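[1] Kindly return the folded structure for what I paste below:
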Amino acid sequence: MSETNIQSVAVIGAGVMGSGIAISSVLAGYRTLLFDLRPEAVEQGRAYVQKQLQSTLEKGRIDQVQHDQALDRLQPCTDFSALKADLILEAVVEKLEVKRELFARLESQNDPSCMLATNTSSIPITQIASGLKHPERVVGVHFFNPAHIMKLVEIIRGAATDPAAAERAFAWAESLKKTAVYAADAPGFIVNRVARHYYVEALKMVEEGVADFETIDVHMEALGFKMGPFRLMDLIGVETNYSVTSSMFEQFNYDPKFRPSRIQKQKVDAGHHGRKSGRGFYTYE
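    Next up is the predicted model:
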């Protein structure tokens, strides 16, 4: 932790992504606030962290002392005024105006040395930091679901980002035993730009009647992918995946190859968000 000069971390958004990031953070030794406006979301996030840490213990990847210390470092929180830390990372809805408003509020109650990080999947960091008094401290730190298991983290510098801030973020990600890579500030960065068509083309095939979603998943998994596109959308969150696709469609000037699917939109409208809601493309107990 000495390389990063980061002692305290706050994660905003207690969903699966935010909670997964919090798990990685507490296991690495950081005191970590897990914040959400909704008390029930914070409780669900705390329970998720506890469950995953217990699973990690049972698999022998940590011992009882490490398990207990990690749990002690987690601080569930619903008080926005308590969001003060060396590093604050948001994992909220993929909407530019929401992220801008959030960072403006955070900036007003934190010292300029506080680093503001966004887990955005597709929105340029430059746009998120625009209008802040200190845009130089905003950096993209993009995890992948499930964040406590997936190794890759993209580090993205906006036009105004201080290179030293990006280096601190890179070092912090590596301190979590992640593989950090730098990516340019372009829509979707590296992985989501490449992976978007894994979802979009699969959805088009279903729309056109080429194959049903289960058949597509079976084929892709038989080819070596750990999860087919529809199982993966259910894990990530159908509404999150749709939001990222919509954002990239807009960022790429409505290029048809990024067009969101009406089938996915229907799932979102019905509240079929995947594993978290009990139903997505598949049904879950």
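[2] From now on I want contacts and neighbour counts done on CA atoms only, so please keep to that.
    OK.
[3] now the helix or strand bottoming out on mean pLDDT in the chain, how far from the centre of its chain.
    Least confident element among the helices and strands of the chain, by mean pLDDT, DSSP states H and E: helix 238-251 (a mean of 93). Put simply, helix 238-251 sits 14 Å off its chain's centre (CA atoms, centre = their mean, to the nearest Å).
[4] Where does Phe103 fall, secondary structure wise?
    Using DSSP states H and E, Phe103 sits within helix 96-109.
[5] hmm, back to that, which element follows the least confident helix or strand of the chain toward the C-terminus?
    Defined by DSSP H and E, the subsequent element after helix 238-251 is helix 262-270.
[6] can you give me the strands for the stretch 101-250 of the chain?
    115-118, 138-142, 152-157, 179-183 (DSSP state E, counting those that start in this stretch).
[7] For the last one, the averaged confidence score.
    Per-residue confidence for strand 179-183 averages out to 98 on the pLDDT scale.
[8] ok, now the second one?
    This predicted structure assigns strand 138-142 an average pLDDT of 98.
[9] The longest one too?
    Looking at strand 152-157 alone, the average pLDDT works out to 98.
[10] and the angle for it with strand 179-183?
    40 degrees (axes from the mean of the first three to the mean of the last three CA atoms, to 10 degrees).
[11] Sheet-wise, list the partners of strand 152-157 with their directions.
    strand 138-142 (antiparallel), strand 179-183 (parallel) (DSSP bridges).
[12] How about Met150, nearest residue that isn't a chain neighbour?
    Nearest non-adjacent residue to Met150, counting by CA to CA, 6 or more residues apart in numbering: Phe144, 6.0 Å away.
[13] who's in contact with the one you found?
    Applying CA atoms under 8 Å, 6 or more residues apart in numbering to Phe144 gives the contacts 17, 150-153.
[14] Which among the residues you listed count as buried?
    Buried residues within those, counting neighbours by 16 or more other CA atoms under 10 Å: 17, 151-153.
[15] all helices in the protein, in order from the N-terminus.
    16-27, 39-58, 64-73, 96-109, 125-129, 163-175, 191-207, 213-222, 229-236, 238-251, 262-270 (DSSP state H).
[16] Serialize these to a markdown table and add fields for distance to Lys84.
    Shown next, in a markdown table, are the helices of the chain (distance: least, CA to CA, whole Å):
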| stretch | distance to Lys84 |
| --- | --- |
| helix 16-27 | 15 |
| helix 39-58 | 17 |
| helix 64-73 | 15 |
| helix 96-109 | 7 |
| helix 125-129 | 18 |
| helix 163-175 | 17 |
| helix 191-207 | 30 |
| helix 213-222 | 43 |
| helix 229-236 | 28 |
| helix 238-251 | 27 |
| helix 262-270 | 34 |
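[17] Just tell me which of these ends up closest to Ala184.
    Minimum separation from Ala184 across the helices of the chain (CA to CA) falls at helix 125-129, 9.7 Å.
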